[in-house]
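1. predicted model and sequence follow; I will ask about them next.
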Amino acid sequence: MTLKPAVRLLALAAPGIFAQSPPTRPAFNAFEVATIKPTSPDSRGRFIRMQSVNRFYAQGFSLQALAAAAYSLTPRAISGGPPWTESDLFDILASTPGDIQPNLDEQMAMLRKLLTDRFQLTFHREPKELLIFAITVAKGGSKLKPSTAPPGTLPELINTIYPEEKGGVHALLPARNATIMQFAAMMQRAVLDRAVVDQTGLSGTYDFDLEWTPDENQFGGNLPHSVESTKPSLFVAMQEQLGLRLEATRGPVQTIVIDRVERPSQN
């Protein structure tokens with residue numbers, strides 16, 4: 001068999017100059033080490049992000065909100081726990097295995113394991129009809145542009161909160177290589193107080209920036225509000241910037257009912 005030219009050149013290269021195999025992706029079954037502490041009274045906002053390739057950080061989450069994030073639900077779909085599961089807020093700092101950054105699904109898989117091990121969380125599921133938000137295409141049509149990310153690029157959806165000059169804040173959500181279903185899942189986990197359902201029929205991946213002023217029902221009600229905001233509401237922003245509508249309605253949701261949970265040890 002004749003070697004292809006690229007392979008032949010590599011075979012004749014100097015010793016030590018060889019193509020390296022990509023690193024093996026870890027299983028991401030669990031965090032290697034995790035510290036759980038009460039959220040400082042001075043902390044503001046609630047977010048989950050990777051601070052580095054293998055450093056996971058969550059700030060300002062109740063057990064209810066952690067379970068909602070881990071199982072891609074709205075906190076309203078979590079019930080049955082004692083009062084502290086809604087009122088007590090926690091920060092989590094954890095190390096992830098290997099030298100490859102886990103994607104969001106892998107982060108949530110490790111968070112589910114942490115909830116089981118450290119909070120002793122057990123539950124069962126029940127279908128219920130709840131208030132939901134449905135994402136639909138606006139009358140003028142979608143304004144979304146197909147993603148320009150190379151094949152194999154992981155999706156990115158990260159909320160960032162910025163202070164306003166006259167007080168309050170506004171939110172910026174840059175999304176890259178994301179589906180509308182992934183966008184809906186992120187909005188119900190972190191932003192809105194209802195389940196969010198993708199009813200657009202759009203199946204592509206998109207790059208977009210969404211900027212708006214949160215109201216008191218978003219981000220768990222933990223953000224200060226602007227008297228004179230420079231940004232539109234979420235409902236207006238989605239229509240103007242994305243060509244999508246966010247409609248309040250009712251629909252079936254698979255909820256979680258907590259059977260057992262305990263306050264975690266801090267280390």
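-> Arrived safely, thanks for sending.
2. please enumerate the helices of the stretch 101-250 of the chain.
-> In the stretch 101-250 of the chain, the helices defined using DSSP state H, counting those that start in this stretch lie at 104-118, 180-186, 234-237.
3. relative to A70, which of those helices is closest?
-> When these are compared by C-beta to C-beta, helix 104-118 sits nearest A70, at 4.4 Å. Just so you know, the C-beta spots here come from the backbone N, C-alpha and C atoms, and that holds for glycine as well.
4. N29 reaches L111, doesn't it?
-> No - checked against C-beta atoms under 8 Å, the pair N29 and L111 is beyond contact range at 11.8 Å.
5. quick one, which of those two is more surrounded?
-> Ranked by neighbour count (other C-beta atoms under 10 Å), N29 and L111 place L111 first, with 24 against 10.
6. on that earlier part again, for the helices of the stretch 101-250 of the chain, which one ends up most surrounded?
-> helix 180-186 (a mean of 21; mean count of other C-beta atoms under 10 Å).
7. what pLDDT, on average, does it get?
-> Helix 180-186 shows a mean pLDDT of 92.
8. just how off-centre is that helix within its chain?
-> The chain centroid and the centroid of helix 180-186 are separated by 9 Å under C-alpha atoms, centre = their mean, to the nearest Å.
9. next, count neighbours for the residue nearest to G141 when sequence neighbours are not counted.
-> Leaving aside its sequence neighbours, G141 sits nearest to G243 (C-beta to C-beta, 6 or more residues apart in numbering; 5.7 Å). By other C-beta under 10 Å, 17 other residues sit near G243.
10. how close does G243 sit to L202?
-> From G243 over to L202 the distance is 10 Å, taken as C-beta to C-beta, to the nearest Å.
11. quick check: neighbours shared by those two?
-> Overlap of the contact sets of G243 and L202 (by C-beta atoms under 8 Å, 6 or more residues apart in numbering) consists of V137, S142, L144.
12. ranking by neighbours, what's the top pick from those residues?
-> Of the shared contacts of G243 and L202, with other C-beta under 10 Å as the count, L144 tops at 22 neighbours.
13. separation between that one and V196?
-> Taken as C-beta to C-beta, the span from L144 to V196 is 16 Å.
14. thank you, goodbye.
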